[in-house]
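*Asks:* sequence first, then the predicted structure, then my questions.
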Amino acid sequence: MSMTADVYDRRQDRRPWLKRLADASEPYLYSAPALILIIVVMLVPLVVGISYAFRDIQLLNPFSGGFIGLEHFETLSKDRAFYTALKNTLWWTGASVFLQFTFGLILALLLDKPFMGRGLIQALVFLPWAVPSFLAGLNWAWLFNPVIGPIPHWLFDLGLMSQPGNILSDPQYAMWGPIIANVWWGIPFFAITLLAALQSIPRDLYEAASIDGASWFQRFWSITLPFLAPTIAITVLLRTVWISNFADLIVVMTGGGPADRTQIVASYIFTQAFKALDFGYASAIALVLLVLLLAYSMLIILLRQTLLNKG
Amino acid sequence: MKTSLLPTIAHRLAILAYVVFALFPLYWLLKVSLTPNDLLYSEGVRMWPSRTTWEHYSFVLQHSAFPTFFKNSLIVSGSTAIIVTICASLSGYALSRFSFRAKYWIVGLMLLTQMFPLVMLVAPIFKILTPLGLTNSLTGLIVVYTAFNVPFATFLMQSFFDGIPKDLEEAAMIDGATKFTAFREIILPLTLPGIAATLGFVFTAAWSELLFALMLINGNNAATFPVGLLTFVSKFSVDFGQMMAAGVLALIPAALFFLLIQRYLVQGLTAGAVKG
């Protein structure tokens, strides 16, 4: 059926072939600049980077560059710093996403109620999102610095610290520094996305429920949450990948220290490339990270399929 | 519905707590940047110094390299925003209005670029740009940032084009206009708010980028603001007043663009939920 229609169409099409060619290539011409940029600046370096993982590439050593097979991966399997970074990445990502999401959801619920001055308040609480990440990192590093910042003194006054010290140089608690900065910086993202989803819920549902005598919690549980669920699922999943790759705050605030206690895999890759100038090893770690992230995404897709099949 | 007092008070208090948490770090930045050096340590935890001064700002503006960093960042972020917006308007229009064979491949490719860790590209991009003379140059940074921001901006522009009815350009084409004329004369002017939002998003992203700037730029001449500020911090880590004055200066353009795009945040973040 569709084939006869196609033949018929072609016979009807009396445009000259040059014009037909021009029409068919139009969308490609529109997309060409963007595509060329992406391929040349992202896809080619990605492939080159993967090849580096199997070569000895050190910037300061002119004799390096040879193919060394799996040697980097052997080193990597014995690299204690890498395993620490892997563990730290889980901790950093889990805590950041959980806290950003929880506080973001509460903020979205608070802003969903109309009140006087809501527009202004919204602009103020979303402002941290606009702060450049390097400045957010420096800003929080200064707040944690006992010389210049108030936080150590407050913690001391509350009796939580024996003396006003810097949390960022304390191996046991250092990771909390970047996590708190990340939560401060990331709450608006969740709040904005969830607020948009909240405002698309039909209002009469709530009215009907409260006429039937449903409590606030019942309404939240059986109306709000089911409506938000798809948005929550997609933002949390994508955000997890994004935050596990987000090294700016850690590079700025602690540089991975003290004693690698705040080093995540992404900042470890950057340190290997930027400080040690060992591009081969950095690319090998990056390849492992890429495989782990792909595995995570596959897992999510599989999970989604099973849930959909059940429901 | 009856409004009871207690929940309202709790609601306002919770909002207040969020406002304080969001603004306090920025308030502290401003406070230290205005505190004279001799009061910095003696009045450490006070909420407001007994005397204020602009000396840190005048030092930063007159005797440091920060004006150069500021100019470099402005050039890089401005050019990136303009080039990205042009490319993304074209590709976003293609994705919104045409159905063609490679469309799903293009969307897939763009989604892929949002998923893999960009830090992977630090080393290869450095190696590729060095022989081309594009390290330590603003042009190199612009090329890299443009490519990084095009996929997100394309999705954003596509969502704005999707919001414009197709009949408009169909009517124009019946009147004899070519598709490109219809795009330029009818669709683009209607998307002006979307174009402004895209400019704002990309400008802010380029203004904040740190890792590639650190890797690709070496020395003061081509340093962008983040690179300059971090170098300054590691070199003169006791001049807190000056560092924070520089920090406030770095905040100004980002805050301005935030005000500009604030209304479009929801649409933008949902269109490119992949990116922050």
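*Replies:* That came through fine.
*Asks:* now for residue 145: which residues touch it?
*Replies:* I went with chain A, as the question did not name one. For A:Asn145, the contact set (CB atoms under 8 Å, 6 or more residues apart in numbering or on different chains) comprises A:152, A:166, A:168. Placement of C-beta: from N, CA and C, glycine included.
*Asks:* think we crossed wires, I meant chain B
*Replies:* B:Tyr145 sits next to B:76-77, B:80, B:84, B:205-206, B:209, B:212 when contact means CB under 8 Å, 6+ apart.
*Asks:* same deal with B:Leu129?
*Replies:* B:135, B:140, B:144, B:216.
*Asks:* would you mind measuring from the residue nearest to the last one when sequence neighbours are not counted to chain A?
*Replies:* Distance criterion CB to CB, 6 or more residues apart in numbering or on different chains; nearest residue to B:Leu216, sequence neighbours excluded, is B:Thr135 at 5.1 Å. Between B:Thr135 and chain A the distance is 11 Å, computed by CB to the nearest CB, to the nearest Å.
*Asks:* doesn't B:Asn218 make contact with B:Thr135?
*Replies:* Yes - here B:Thr135 lies in contact with B:Asn218, judged by CB atoms under 8 Å, at a distance of 7.4 Å.
*Asks:* so between these two, which is more surrounded?
*Replies:* Just comparing B:Thr135 and B:Asn218: by other CB atoms under 10 Å in any protein chain shown the higher neighbour count belongs to B:Thr135, 19 against 12.
*Asks:* sec struct for that one, please.
*Replies:* coil (DSSP: H, G, I helix; E, B strand; the rest coil).
*Asks:* element containing the most centrally placed residue in chain A?
*Replies:* Closest to where the C-alpha atoms of chain A average out (CA atoms, centre = their mean) is A:Trp242, at 1.6 Å. According to DSSP states H and E, A:Trp242 maps onto helix A:225-244.
*Asks:* model confidence over that helix, on average?
*Replies:* Throughout helix A:225-244, pLDDT has a mean value of 87.
*Asks:* what does stretch B:170-188 give?
*Replies:* 84.
*Asks:* dump that stretch to PDB, restricted to CA.
*Replies:* Extracted as PDB, the C-alpha positions of stretch B:170-188 are listed here (Å, rounded to 0.1, in the frame of the first residue of the first chain):
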ATOM      1  CA  GLU B 170       3.300  27.600   5.500                       C
ATOM      2  CA  ALA B 171       1.300  30.700   4.800                       C
ATOM      3  CA  ALA B 172       4.400  32.600   3.900                       C
ATOM      4  CA  MET B 173       5.600  29.900   1.500                       C
ATOM      5  CA  ILE B 174       2.200  29.900  -0.200                       C
ATOM      6  CA  ASP B 175       2.900  33.600  -0.800                       C
ATOM      7  CA  GLY B 176       6.100  32.500  -2.600                       C
ATOM      8  CA  ALA B 177       8.700  32.800   0.100                       C
ATOM      9  CA  THR B 178      11.400  30.100   0.300                       C
ATOM     10  CA  LYS B 179      11.700  28.100   3.500                       C
ATOM     11  CA  PHE B 180      14.900  30.000   4.500                       C
ATOM     12  CA  THR B 181      13.200  33.400   4.000                       C
ATOM     13  CA  ALA B 182      10.200  32.300   6.100                       C
ATOM     14  CA  PHE B 183      12.600  31.100   8.800                       C
ATOM     15  CA  ARG B 184      14.600  34.400   8.800                       C
ATOM     16  CA  GLU B 185      11.700  36.800   8.400                       C
ATOM     17  CA  ILE B 186       8.900  35.200  10.400                       C
ATOM     18  CA  ILE B 187      10.100  32.500  12.700                       C
ATOM     19  CA  LEU B 188      13.300  34.000  14.100                       C
END
